[in-house]
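Pasting the sequence and the predicted model now:
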Amino acid sequence: MSCAVSGGPDSSALLVLAVAAGCDVEAIHVDHGLRPGSDREATIVAGTAERFGARVRSIRAPVEPGPNLEARARAARRAVLPDGTLLGHTADDQAETVLLALLRGAGIDGLGAMGPRHRPILRLRRAETHGLCASLGLDVVDDPTNRDPVHRRNRVRHEVLPLLAEVADRDLVPVLTRQAELLRDEGELLDELAAELDPADVAAMRVAPVALARRALRRWLRTEHPPRAADVERVLRVVAGDHVATEVGGRRIARRGGRLVIQATSAPGPGW
C-alpha cells in the first residue's frame with residue numbers, strides 16, 4: 001500500500017495509522033524542489049518510515065514557481081504517484097475545499113468536495129493528526145507555505161473559517177463536511193438518473209427535468225475537463241430550439257433531425 005507522505009503532521013499520521021492497521025506500507029515523498037532544504041524533508045519522511053517499519057521512496061517532480069502553483073504541484077504529484085495511493089486529507093481540509101468551491105461558484109459536484117476513496121483519515125480533525133504526531137514525538141515538516149496568504153486556501157484556513165465560526169458561534173468543520181457528504185450522495189443519484197437519458201435525443205431532453213438534462217449534457221460534452229456551466233446552458237438553448245447550434249471548446253453542437261450532433265470546428269469560440 002502506498003501512502004503519499006510530505007512529512008507534515010497529517011501525512012505522517014496517515015503513515016503511522018496505516019502501519020498500525022497492519023498494512024504493508026510504502027511511504028512516497030514527492031519533492032517539487034520549491035523550497036531550500038527540501039531534501040531534509042525527504043530525510044524526515046525516511047526516518048518516520050524506518051521507525052515504523054515502512055518502506056520509503058522519494059520522487060523528484062520539479063515545479064517552477066509562478067501562477068497556479070498549488071494546482072500545478074497537485075497535477076505533478078498525481079502524475080508520479082501510483083494509482084490508489086492513500087492521501088492524508090483531513091476533515092479540516094474538506095471544510096476548506098467546500099468553501100473554496102463555493103467561492104468558485106461550483107455546483108453540486110464541486111461542493112461535494114473530496115470523496116473518501118483513497119482518503120482514509122478524511123473524518124479525522126487536524127488537531128487529532130497533530131496530536132498523534134506530538135504524542136509519538138515525531139519530527140515533522142513545518143511547511144511555511146501553509147501560512148502564506150498569497151494562497152487562497154490559507155486565507156480560508158486562517159481567516160475565513162475562524163470568522164465564520166465566530167459568527168455562527170460553533171465549529172463549522174463538521175457542518176461543512178456533512179454538507180459535502182449529502183451533496184455527494186445527491187450528485188451520485190442524479191448521475192444514475194441522468195445515465196438513463198440520451199443527451200442527443202432532443203425530444204427526450206426537452207421533457208426531462210432540467211437538472212437531469214444538465215448532468216446528461218455535462219457527461220456527453222466532457223473531454224479532459226467538464227464543460228463550463230455557460231456552455232451547458234447554451235446547448236440547452238439549442239435543445240429548446242432557440243438556436244440551431246453553438247460552439248463548446250472547439251466543437252460545434254448542432255441540432256439535426258431531432259438529434260444533437262457534435263462537429264469539429266477550426267477554432268473554439270462562444271458564438272452561436
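Yep, it's here.

Going by C-alpha atoms from here, please, whenever you check contacts or count neighbours.
OK.

buried set for the lengthiest helix in the chain?
The helix that spans the most residues within the chain, counting by DSSP state H, is helix 173-194. Within helix 173-194, the residues that count as buried by 16 or more other C-alpha atoms under 10 Å are 173-174, 176-181, 183-184, 187, 190, 194.

Go through these and say which is closest to residue 83.
residue 184 (22.1 Å; C-alpha to C-alpha).

so who does that closest one touch?
108-109, 112-113, 115 (C-alpha atoms under 8 Å, 6 or more residues apart in numbering).

PyMOL command to pick out the buried ones of those residues?
Of those, the buried ones go into a single PyMOL selection, burial set by 16+ other C-alpha under 10 Å:
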select buried, resi 108+109+112+113
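
from the contacts of residue 184, which is closest to residue 74?
residue 113 (15.4 Å).

any idea how far the lowest-mean-pLDDT helix or strand in the chain is from the chain center?
None of the helices or strands of the chain scores lower by mean pLDDT, DSSP states H and E than helix 69-80, at a mean of 87. Averaging C-alpha positions (C-alpha atoms, centre = their mean, to the nearest Å) puts helix 69-80 12 Å from its chain's average.

Check stretch 26-42 too.
The answer for stretch 26-42 is 22 Å, by C-alpha atoms, centre = their mean.

And that stretch, what's buried?
26-32, 41-42.

and that stretch, what's its mean pLDDT?
Averaging pLDDT along stretch 26-42 gives 86.

and what of stretch 126-145?
95.

And stretch 100-111, by the same measure?
If you average the pLDDT over stretch 100-111, you get 93.

can you check stretch 149-160 too?
pLDDT averaged over stretch 149-160 gives 94.

before we move on, the earlier item: can you tell me which of the buried residues of stretch 26-42 end up in helices?
Per DSSP H, these map to helices at 41-42.

so which pair among the buried residues of stretch 26-42 is furthest apart in space?
26 and 32 (19.1 Å).

before we move on, the earlier item: the longest helix of the chain - what's its average pLDDT?
The pLDDT scores in helix 173-194 average 97.

Tell me which other helices or strands the next helix or strand after it touches.
Toward the C-terminus, helix 173-194 is succeeded by helix 202-207 as the next helix or strand (DSSP states H and E). If contacts are counted by 3 or more C-alpha pairs under 8 Å, 6 or more residues apart in numbering; DSSP states H and E, helix 202-207 sits against helix 229-240.

Give me the distance between stretch 64-79 and the centre of its chain.
Going by C-alpha atoms, centre = their mean, where stretch 64-79 is centred and where its chain is centred differ by 13 Å.

Now do the nearest residue to residue 12 once chain neighbours are set aside, the pLDDT please.
Leaving out its chain neighbours, the residue that sits closest to residue 12 by C-alpha to C-alpha, 6 or more residues apart in numbering is residue 5, at 6.1 Å. The model reports residue 5 with a pLDDT of 97.

do residue 268 as well
Per-residue pLDDT puts residue 268 at 46.

mind listing what the residue nearest to residue 12 touches?
Contacts of residue 5 (C-alpha under 8 Å, 6+ apart): 11-12, 14-15, 27-30, 45, 87-88.

Max pairwise distance over those residues: which two?
14 and 30 (15.6 Å).

show me the contacts for residue 29.
Residue 29 neighbours (C-alpha under 8 Å, 6+ apart): 4-7, 42, 45, 56-59.

so residue 173 makes contact with residue 95?
Yes - checked against C-alpha atoms under 8 Å, the pair residue 173 and residue 95 is within contact range at 5.4 Å.

for the most centrally placed residue in the chain, helix, strand, or coil?
Nearest to the mean C-alpha position of the chain, by C-alpha atoms, centre = their mean, lies residue 114 at 5.4 Å. Recorded secondary structure, residue 114: coil (DSSP: H, G, I helix; E, B strand; the rest coil).
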